[in-house]
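> Structure of the sequence below:
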Amino acid sequence: MIDILLTHGYFLSNDPIEQRVMKPYVPLGILSIAAYLDRCGFQTAVFDSTFASPVEFENAVARLHPLIVGISVNMMTKFAALRMIQIARRYGTFIAVGGPEPPHYAEEFLTYGADVVVIGEGEQTAADLVRMVKNGRADFAAIPGLAYRNEAGAVIRTTSRAFVSDLDSLPNPDRTKVDLEKYLAVWRERHGYTSLSMVTMRGCPYTCTWCSHAVYGESYRRRSPEAVVDELQRLIDSYSPDAFWFADDVFTINHEWLNGFARELRERRVHIRYECITRADRMNHEVVQQLRSSGCSRVWIGSESGSQRILDAMSRRVKAEQIRAVVKLSREAGIEVGMFIMLGYNGEQREDIEQTVHHVKAAHPDIVLTTVAYPIKGTTFYREVTDRLRLPSLPFDQWNDRMIDIAGRYSRRFYWFANRRIINEAAWSRMLHNTRRSWLRIATSFIKAKASQLGMSLTQ
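You can find the predicted model right below:
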């Protein structure tokens with residue numbers, strides 16, 4: 001018997017989009033918790049569901065006999081996680097769930113078989129929980145950062161747990177607990193190179209109304225540049241990846257930290273290629289040059305909209321012209337730019353979408369990724385549209401926040417056409433400005449864009 005089996009409920013076989021993209025990364029969150037629990041002296045194991053099946057999960061539970069099964073759950077893994085709860089329940093295992101999804105649906109997860117819901121960061125709460133369950137006690141009220149049912153059946157939330165202030169005090173995620181070679185092999189086969197993920201910070205101090213802060217809050221905590229480069233060096237020595245993905249919310253948020261990071265790489269002669277996410281208001285000429293010199297090959301910028309009215313409604317605290325200027329600045333420095341666009345935010349009209357189309361065409365990003373805004377429970381956006389929400393009339397294990405409709409918004413089909421239009425408008429406009437033009441491809445994208453524009457009118 002082991003103390004705890006950690007898993008994350010993401011099955012690649014359930015994700016047709018990722019099966020096409022095929023850029024999987026290891027579950028850093030539970031690997032960090034596993035490393036912390038190991039350091040505390042507990043016996044831990046990780047079931048990495050990415051390339052596995054529910055049957056293999058059941059086999060792991062039967063073989064390892066964990067005292068506790070801990071499942072990290074987000075909106076997209078909710079369905080699989082609920083099934084995993086039922087599987088673990090058959091073996092009499094204590095079940096804890098955490099991550100961004102369960103805190104706002106604590107009662108439902110407890111009803112579906114979880115014993116406790118972990119709210120916030122998982123390392124310290126998991127250690128307290130393992131210690132308590134091993135000792136045969138159930139004094140959950142004494143553990144900060146939990147939700148549970150008391151003897152009367154009422155859902156109780158304990159006091160909030162303080163965030164870990166010194167991230168350098170945490171051990172690095174233990175990647176040896178997963179078959180990392182499977183990930184690297186997929187990258188080699190599908191893309192011709194390998195990539196590993198890293199995290200240098202936790203939390204985000206910005207208050208974008210649609211963004212969930214359920215795990216790390218509106219904080220900003222960062223590992224030191226020295227600690228980050230130490231981990232990079234170990235990964236390079238062990239796995240020789242061709243590239244890195246920094247999965248931070250805003251990589252360039254602190255310019256002093258970025259300077260220290262670039263200096264540490266330079267002085268230790270560590271050469272990497274990487275991509276990251278940031279905000280336009282945390283970029284300028286000096287930052288772009290620092291990114292380029294430290295090995296950044298692609299930067300992803302949250303644009304969301306080309307309408308300043310919608311950006312302000314989202315509390316984005318950025319100007320549309322700033323975004324376009326930063327895209328231009330980055331591309332001139334030789335850094336590819338990916339742009340995120342979000343349609344369907346509260347109050348958006350056809351005119352705002354037209355402004356977004358012109359915005360993307362004027363910016364000329366290398367890649368455009370689009371999505372339709374969906375109200376995540378616990379966010380300001382969710383509260384703004386609460387009286388207009390149309391929740392699916394389905395059991396809890398058959399719907400998620402992405403399936404919620406908002407009364408008064410354009411049809412789902414309309415947004416499908418709007419997404420296609422933006423992608424194709426951006427494509428033909430970008431190709432038109434390339435020195436090596438393919439007129440056939442330009443014409444094809446142009447026709448697709450105009451067909452999508454017609455589709456928007458017919459389905460509005």
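> Leaving out the residues flanking it, which one is nearest to residue 4?
residue 68 (4.3 Å; Cβ to Cβ, 6 or more residues apart in numbering). Every C-beta, even on glycine, is put in place using the N, C-alpha and C of the backbone.
> In contact with the one you found, which residues?
3, 4, 5, 93, 94, 95, 96, 129, 130, 133 (Cβ atoms under 8 Å, 6 or more residues apart in numbering).
> what's the first-to-last distance across stretch 301-321?
13 Å (Cα to Cα, to the nearest Å).
> same check, this time on stretch 360-375
24 Å.
> Next, report how far it is displaced from the centre of its chain.
Distance, stretch centre to chain centre, for stretch 360-375: 17 Å (Cα atoms, centre = their mean, to the nearest Å).
> Work out for me the element the closest residue to residue 66 other than its chain neighbours sits within.
Sequence neighbours aside, residue 5 is the residue nearest to residue 66 in space, at 3.8 Å (criterion: Cβ to Cβ, 6+ apart). Element membership for residue 5, per DSSP states H and E: strand 4-7.
> From the contact counts, what lies against that strand?
Packing contacts for strand 4-7, counted by 3 or more Cβ pairs under 8 Å, 6 or more residues apart in numbering; DSSP states H and E, involve helix 28-39, strand 44-47, helix 54-64, strand 68-72.
> need the contacts of residue 68 in JSON lines with pLDDT, can you?
Output for these, formatted as JSON lines (pLDDT from 0 to 100):
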{"residue": "3", "pLDDT": "98"}
{"residue": "4", "pLDDT": "98"}
{"residue": "5", "pLDDT": "98"}
{"residue": "93", "pLDDT": "96"}
{"residue": "94", "pLDDT": "97"}
{"residue": "95", "pLDDT": "98"}
{"residue": "96", "pLDDT": "98"}
{"residue": "129", "pLDDT": "97"}
{"residue": "130", "pLDDT": "97"}
{"residue": "133", "pLDDT": "95"}
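> Output stretch 9-29 as PDB, nothing but the C-alphas.
The C-alpha trace of stretch 9-29 is given here as PDB (Å, rounded to 0.1, in the frame of the first residue of the first chain):
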ATOM      1  CA  GLY A   9      -7.800  12.900 -15.500                       C
ATOM      2  CA  TYR A  10      -6.500  14.100 -18.800                       C
ATOM      3  CA  PHE A  11      -6.900  11.300 -21.400                       C
ATOM      4  CA  LEU A  12      -5.500  12.200 -24.800                       C
ATOM      5  CA  SER A  13      -7.900   9.700 -26.400                       C
ATOM      6  CA  ASN A  14     -10.800  12.000 -25.300                       C
ATOM      7  CA  ASP A  15      -9.300  15.100 -26.900                       C
ATOM      8  CA  PRO A  16      -9.700  15.100 -30.700                       C
ATOM      9  CA  ILE A  17      -8.200  18.600 -31.000                       C
ATOM     10  CA  GLU A  18      -5.000  17.700 -29.200                       C
ATOM     11  CA  GLN A  19      -4.900  14.400 -31.300                       C
ATOM     12  CA  ARG A  20      -4.500  16.700 -34.300                       C
ATOM     13  CA  VAL A  21      -2.100  19.200 -32.700                       C
ATOM     14  CA  MET A  22      -0.200  16.600 -30.700                       C
ATOM     15  CA  LYS A  23       1.900  18.900 -28.400                       C
ATOM     16  CA  PRO A  24       1.400  17.200 -25.000                       C
ATOM     17  CA  TYR A  25       3.200  18.300 -21.900                       C
ATOM     18  CA  VAL A  26       3.600  16.500 -18.500                       C
ATOM     19  CA  PRO A  27       1.200  17.400 -15.600                       C
ATOM     20  CA  LEU A  28       3.500  19.800 -13.700                       C
ATOM     21  CA  GLY A  29       1.000  20.500 -11.000                       C
END
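> what about residue 120, distance to residue 215?
6 Å (Cβ to Cβ, to the nearest Å).
> right, I mislabeled it, should have said residue 204
Taking Cβ to Cβ, one finds residue 204 at 11 Å from residue 215.
> Show residues contacting stretch 328-341.
275, 283-285, 288-289, 291-292, 296-305, 323, 327, 356, 360, 363-371, 422.
> List only those of those flagged as buried.
275, 283-284, 288, 291-292, 296, 298-305, 323, 327, 356, 360, 363-365, 368, 370, 422 (16 or more other Cβ atoms under 10 Å).
> Show only the entries of the residues you listed found in strands.
Among these, the members falling in strands (DSSP state E) are 275, 296, 298, 299, 300, 301, 302, 303, 304, 368, 370.
> which two in those residues are spaced the farthest apart?
Greatest spatial distance among those (Cβ to Cβ): 296 and 370, at 23.3 Å.
> where's residue 156 relative to residue 105, distance?
16 Å.
> Of these two, give the one with the bigger neighbour count.
residue 105 (22 against 13; other Cβ atoms under 10 Å).
> That one against residue 376, yeah?
No: counting by Cβ atoms under 8 Å, residue 105 sits too far from residue 376 to count as a contact (11.0 Å).
> Quick one: residues contacting residue 80.
Residue 80 neighbours (Cβ under 8 Å, 6+ apart): 9, 10, 11, 14, 49, 54.
> Can you say which helix or strand has it in it?
helix 78-89.
> how about that helix: buried residues?
Judged by neighbour count (16+ other Cβ under 10 Å), helix 78-89 contains these buried residues: 78, 79, 80, 81, 82, 83, 84, 85, 87, 88, 89.
> Let me see the contact set for the fifth one.
Shown here is residue 82, whose contacts under the criterion Cβ under 8 Å, 6+ apart are 109, 112, 113, 396, 397.
> Please apply the same query to the fourth one.
Neighbouring residues of residue 81 by Cβ under 8 Å, 6+ apart: 9, 71, 73, 97, 101.
> Swap in 6 Å and give it another go.
9, 71, 73 (Cβ atoms under 6 Å, 6 or more residues apart in numbering).
> so is residue 337 in a helix, a strand, or just coil?
strand (DSSP: H, G, I helix; E, B strand; the rest coil).
> what's the answer for residue 321, then?
helix.
> burial measure for it, as a count.
Applying other Cβ under 10 Å, we find 14 residues neighbouring residue 321.
> Same check on residue 62?
By other Cβ under 10 Å, neighbour count at residue 62 equals 11.
> cool, and residue 286?
11.
> and what of residue 166?
9.
> What of residue 331?
Neighbours of residue 331 (other Cβ under 10 Å): 17.
> what's the helix or strand for it?
Using DSSP H and E, the element containing residue 331 is helix 320-332.
> the inter-axis angle of that helix versus strand 296-304?
160 degrees (axes from the mean of the first three to the mean of the last three Cα atoms, to 10 degrees).
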